[in-house]
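*Asks:* Model the following, please.
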Amino acid sequence: MRVYLPATAADLSADSISPRTAHAATPALAAVFPEEDQEGLEVSASLCAADSSVMLLAVPGAEALADRRVVIAADVEEEQVREVPAGDDVLPGTVELTAPVEWDAVAALLVDEADAEPDVRAARTGDEAAFERAADADLLWYDVSERNALAEELGAGRRRLR
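*Replies:* Numbering: from 1, shown residues only. Predicted coordinates:
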């Protein structure tokens with residue numbers, strides 16, 4: 001199952017990706033967007049993860065992290081995923097990852113380009129207009145083999161990654 005994990009630059013230097021809330025093209029998401037094909041549902045899930053990345057940047061202690069949204073697209077076993085029922089604060093397609101994800105399961109890294117930094121910086125402090133502008137920005141696609149260089153670029157590559 002392909003999942004889209006909201007992340008920050010700090011995750012790029014981790015040995016694995018810790019369990020967390022993520023997003024996926026689940027039956028619940030398909031029910032909300034019946035006209036979408038699998039690819040469209042995956043785009044929706046990745047955009048939800050990008051929005052959630054801003055929320056990770058807004059938590060206390062994250063101030064020193066790069067002002068860019070990071071989404072990790074990974075293929076995991078269905079047993080590692082628990083669907084979270086949609087509700088007032090839970091979007092359809094929200095899932096809970098129950099086990100760490102190893103880097104060899106990562107299909108791609110999606111990251112804001114540098115031009116998005118001012119909007120992401122403002123969005124992480126609660127500026128709704130900046131949040132909307134950041135949500136409209138496209139994420140750049142990186143192969144997982146580019147993780148070291150990306151971590152360095154974002155200031156998270158303090159040590160050599162495996």
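*Asks:* Kindly confirm my reading that residue 119 is in a helix.
*Replies:* Yes: counting by DSSP: H, G, I helix; E, B strand; the rest coil, residue 119 is part of a helix.
*Asks:* That one touches residue 130, doesn't it?
*Replies:* Yes: the criterion here is Cβ atoms under 8 Å, and residue 119 meets it with residue 130 at 4.6 Å. Using the backbone N, CA and C atoms, a C-beta is placed for each residue, glycine as well.
*Asks:* So for these two, which sits in the more crowded spot?
*Replies:* Using other Cβ atoms under 10 Å as the criterion, residue 119 and residue 130 rank with residue 119 on top: 23 against 19.
*Asks:* who's in contact with the more buried one?
*Replies:* Going by Cβ atoms under 8 Å, 6 or more residues apart in numbering, residue 119 touches 130, 131, 133, 134, 137.
*Asks:* Now stretch 120-135: buried residues?
*Replies:* 120, 121, 122, 123, 124, 130, 131, 133, 134 (16 or more other Cβ atoms under 10 Å).
*Asks:* can you tell me which two in these are farthest apart?
*Replies:* Greatest spatial distance among those (Cβ to Cβ): 124 and 133, at 12.8 Å.
*Asks:* helices or strands next to the longest helix along the chain in the packing?
*Replies:* The longest helix of the chain (DSSP state H) is helix 38-57. Packed against helix 38-57 by the contact rule (3 or more Cβ pairs under 8 Å, 6 or more residues apart in numbering; DSSP states H and E) you find strand 2-7, strand 21-24, helix 27-32, strand 70-75, helix 117-123, helix 128-136.
*Asks:* Show the end-to-end separation of stretch 60-72, please.
*Replies:* Using Cα to Cα, to the nearest Å, the end-to-end distance of stretch 60-72 comes out at 22 Å.
*Asks:* Any buried residues in that stretch, and which?
*Replies:* Neighbour counts using 16+ other Cβ under 10 Å place 65, 66, 67, 68, 69, 70, 71, 72 of stretch 60-72 among the buried residues.
*Asks:* which of these sit farthest apart?
*Replies:* 67 and 72 (17.8 Å).
*Asks:* ok, now which residue in the protein is the farthest from the centroid?
*Replies:* No residue in the chain sits farther from the centre than residue 35, which is 24.1 Å out by Cα atoms, centre = their mean.
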